[in-house]
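>>> Here is my input; please provide its structure:
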Amino acid sequence: MTKRVAILISGGGSNMMSLVQDMNGDHPCRPCIVISNLPEAGGLAKAASAGIETLAIDHKQFGKDRSAFESALHDALVAAAPDIVCLAGFMRILSPAFMAKWDGRMLNIHPSLLPKYRGLHTHQRAIDAGDDYHGCTVHEVTAELDGGPILGQARIAIAAGDTTSVLAAKVLPFEHQLYPMVLRRFAAGDRDQVVLGV
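Model (predicted):
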């Protein structure tokens, strides 16, 4: 049975599109909706052009009432009835209460080799630490920020002189390769870790 996938974004949606473009043929999933917390997110137009239902729930309209925003987001997801929710550059921290409602069904991609560098500014933090390697991780979402079970990682070498923008550009193609691979396996019930790169 084909699984329905909702994708949450906040920006241009490059990881969203990598997921969408992979969901065809014998893939066990199909996208059912793309939701953004920012109406101006460029990824919404890309999703609409691909024939996918889109929705913007502007978090700024809720002020500091995070629970009201999350209630609206939850209601939208329930209406779309996804089997899996993929966070793809969704830049809002979700509460444990919200995530409990989607426990075991939500994935995220994070630009670091978790458990290193949870949160923001991961490329700069890897450079500042003098790391030899950097990369990205796809993990299940739990109440612990960037702390859920790891389902896949891609690793790249950090070269002398690499800047944050250079590192980001090196990592992004691996994000686009890793996330669809993990989603395909996750939908089939396979939670073994995928490893890509050096």
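
>>> Report the contact partners of Lys46.
Gly12, Gly13, Met16, Met17 (Cβ atoms under 8 Å, 6 or more residues apart in numbering). C-beta: built from backbone N, CA, C; applies to glycine.

>>> Ranking by neighbours, what's the top pick from those residues?
For the contacts of Lys46, the largest neighbour count, defined by other Cβ atoms under 10 Å, is 29 neighbours, found at Met16.

>>> CA atoms only for stretch 158-172, dumped as PDB, please.
Provided in PDB are the C-alpha atoms of stretch 158-172 (Å, rounded to 0.1, in the frame of the first residue of the first chain):
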ATOM      1  CA  ILE A 158      36.800  19.200   5.200                       C
ATOM      2  CA  ALA A 159      39.700  20.800   3.200                       C
ATOM      3  CA  ALA A 160      42.000  23.500   4.400                       C
ATOM      4  CA  GLY A 161      40.500  26.900   3.700                       C
ATOM      5  CA  ASP A 162      36.900  25.600   3.400                       C
ATOM      6  CA  THR A 163      34.400  28.300   4.400                       C
ATOM      7  CA  THR A 164      30.800  27.800   5.700                       C
ATOM      8  CA  SER A 165      29.400  28.400   2.200                       C
ATOM      9  CA  VAL A 166      31.900  26.000   0.600                       C
ATOM     10  CA  LEU A 167      31.000  23.300   3.200                       C
ATOM     11  CA  ALA A 168      27.300  23.900   2.700                       C
ATOM     12  CA  ALA A 169      27.700  23.500  -1.100                       C
ATOM     13  CA  LYS A 170      29.700  20.300  -0.600                       C
ATOM     14  CA  VAL A 171      27.100  18.800   1.800                       C
ATOM     15  CA  LEU A 172      24.000  19.700  -0.100                       C
END
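
>>> can you pull the buried residues of it?
Of all the residues in stretch 158-172, those buried under the rule 16 or more other Cβ atoms under 10 Å are Ile158, Asp162, Leu167, Ala168, Lys170, Val171.

>>> Which members of those define the maximum pairwise distance?
Maximum pairwise distance among those (Cβ to Cβ): 12.0 Å, between Ile158 and Ala168.

>>> what about the closest residue to Pro180 other than its chain neighbours, how many residues close to it?
Using Cβ to Cβ, 6 or more residues apart in numbering and skipping residues adjacent in sequence, the residue nearest Pro180 is Asp22, 3.7 Å away. Neighbourhood size, Asp22 [other Cβ under 10 Å]: 17.

>>> Correct me if wrong, but Ser67 is in a strand.
No. Using DSSP: H, G, I helix; E, B strand; the rest coil, the secondary structure at Ser67 is helix, not a strand.

>>> how close does it sit to Pro96?
12 Å (Cβ to Cβ, to the nearest Å).

>>> Just want the phi and psi numbers for Val5.
phi -120, psi 130 (degrees, to the nearest 10).

>>> and it, what are its bridge partners?
As for beta bridges, Val5 partners with Pro31, Ile84 under DSSP bridges.
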